[in-house]
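Trainee: Got a predicted structure here, sequence first:
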Amino acid sequence: MTNETIQWFPGHMAKTHRLIAENLPAVDIVLELLDARAMISSQNPEIRKITGKFQRPVLTLMNKSDLSDGETNRKWLDYNQKNGRYALLTDCKSGTGINELSAKIKSVLSEKTERYKNRGMAGRRLRAMVVGIPNVGKSSLLNRICRNVKAKVEDRPGVTREKQWVSSEIGIDLLDMPGMLWPKFENGQIGQNLAFIGSVKDDVLDLADTAVKLCGVLAQKYPEALALRYRLDVSGLKAGADPYGIFSQIGKNRGLVAPGGEIDHERCAKTILTEFRGGKIGRISLEEPDGLGT
């Protein structure tokens, strides 16, 4: 997949691009949710371009941080701080970081709120736009902090299709936007990582191919965790085992065999991808800031 260009830009994503630009003047800050496991791949460059035009501050929520490597999380926080960017570790399912969100937003907007106060608008509610790629956790965030809202949450991309204003329990009005990918992924590694974390619909991918590639990445980055989960020989993984061989051995060890004794590729692929996305293999980060500079 690293040599392929994945094209995935449904009409509703083009519409979201327009909606973001049209509604930015009405908000004070943008909350951009990224998947902490893939901080580079899950950052839509189009969003930064749009917010920059309107000079709106961006607070990066490193979401699903309970699933990503703790040490790598700290590296990303340091990287953002050194580059003058605002960032907060969150996990909308467990609640990690949610109690800090209000204070962080108000800190970022302290100068603006002071201007409101001087104009006699001290009680004005702040407004934030919530953006991010599909399946990054925007609906889960709303369900955590909003009254009388039950945003539809599913572990698949493209569930939220329309914008909606909601009042939160942290005293900030939120404008939730549909998830938006960019027109195509020129960098195959980005497309691959988004496939791993489930931000590209599985039905446009070759699941077995995706799972085999994931096995190769995990064998290189987290051999001990992969070996422990699937009863594999860790020394073989560290020696550079063939990714398809790893995939096949996992299928055999789990009894995912089709009639005739062949590995059931679909069941094996779904098992590996589901368990990776659910954190059952361990806390894993696919990308680090090392080498990006300041």
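Mentor: Good, I have the coordinates.
Trainee: And the strands in the stretch 151-294 of the chain?
Mentor: Along the stretch 151-294 of the chain, counting by DSSP state E, counting those that start in this stretch, strands occupy 164-167, 172-176, 184-185.
Trainee: now the ones you listed as JSON lines including mean neighbour count?
Mentor: C-betas here are computed from N, CA, C, even on glycine. As requested, these are exported to JSON lines (neighbours: other C-beta atoms under 10 Å):
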{"stretch": "strand 164-167", "mean neighbour count": "14"}
{"stretch": "strand 172-176", "mean neighbour count": "21"}
{"stretch": "strand 184-185", "mean neighbour count": "16"}
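Trainee: Include distance to K75 and mean pLDDT when you put those strands into TSV, please.
Mentor: What follows is the strands of the stretch 151-294 of the chain, written out as TSV (distance: least, C-beta to C-beta, whole Å; pLDDT from 0 to 100):
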stretch	distance to K75	mean pLDDT
strand 164-167	33	86
strand 172-176	29	91
strand 184-185	24	61
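Trainee: As JSON lines, those with distance to A26 would be great.
Mentor: Shown next, in JSON lines, are these (distance: least, C-beta to C-beta, whole Å):
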{"stretch": "strand 164-167", "distance to A26": "9"}
{"stretch": "strand 172-176", "distance to A26": "7"}
{"stretch": "strand 184-185", "distance to A26": "30"}
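Trainee: Tell me which of those lies nearest to L61.
Mentor: With C-beta to C-beta as the measure, strand 172-176 is the member of these nearest L61 (12.1 Å).
Trainee: Now find how far off-centre the closest one is within its chain.
Mentor: Offset of strand 172-176 from its chain centre (C-alpha atoms, centre = their mean, to the nearest Å): 19 Å.
Trainee: One more: stretch 225-244?
Mentor: 26 Å.
Trainee: can you list contacts of it?
Mentor: For stretch 225-244, contacts defined as C-beta atoms under 8 Å, 6 or more residues apart in numbering pick out 212-213, 215-216, 218-219, 223-224, 246, 249-250, 253-254, 275, 280-282, 284.
Trainee: In terms of helices and strands, where is the nearest residue to M180 once chain neighbours are set aside?
Mentor: Closest residue to M180 in three dimensions, ignoring its sequence neighbours and counting by C-beta to C-beta, 6 or more residues apart in numbering: T16, at 4.2 Å. Applying DSSP states H and E as the criterion places T16 in helix 11-23.
Trainee: Now do the end-to-end distance for stretch 237-249.
Mentor: Criterion C-alpha to C-alpha, to the nearest Å; first-to-last residue distance in stretch 237-249 is 12 Å.
Trainee: just stretch 51-65 next, same as before
Mentor: Stretch 51-65 has its terminal residues 24 Å apart, counting by C-alpha to C-alpha.
Trainee: Quick check: buried residues in that stretch?
Mentor: Judged by neighbour count using 16 or more other C-beta atoms under 10 Å, the buried positions of stretch 51-65 are T51, R56, P57, V58, L59, T60, L61, M62, N63, K64, S65.
Trainee: quick one: the first one from P45, how far?
Mentor: Between T51 and P45 the computed distance is 11 Å (C-beta to C-beta, to the nearest Å).
Trainee: do the fifth one as well
Mentor: If you measure L59 against P45 using C-beta to C-beta, the figure is 17 Å.
Trainee: And Y86, by the same measure?
Mentor: Computed as C-beta to C-beta, the Y86 to P45 distance reads 18 Å.
Trainee: Looking at these two, which one has more neighbours?
Mentor: Higher neighbour count among Y86 and P45: Y86, with 18 against 8, using other C-beta atoms under 10 Å.
Trainee: got the contact list for the more buried one?
Mentor: P57, V58, L59, T60, N80, K104, V108.
Trainee: confidence score at the last one?
Mentor: Predicted confidence (pLDDT) for V108: 95.
Trainee: Counting neighbours, which bits of the longest helix anywhere in the chain end up buried?
Mentor: Secondary structure of the chain per DSSP state H: the longest helix is helix 207-221. Neighbour-count burial for helix 207-221, counted by 16+ other C-beta under 10 Å, picks out 207-219.
Trainee: next one: stretch 106-118
Mentor: Applying 16+ other C-beta under 10 Å to stretch 106-118 flags K106, V108, L109, T113 as buried.
Trainee: repeat for stretch 197-204
Mentor: Quick answer for stretch 197-204 (16+ other C-beta under 10 Å): I197, G198, S199, V200.
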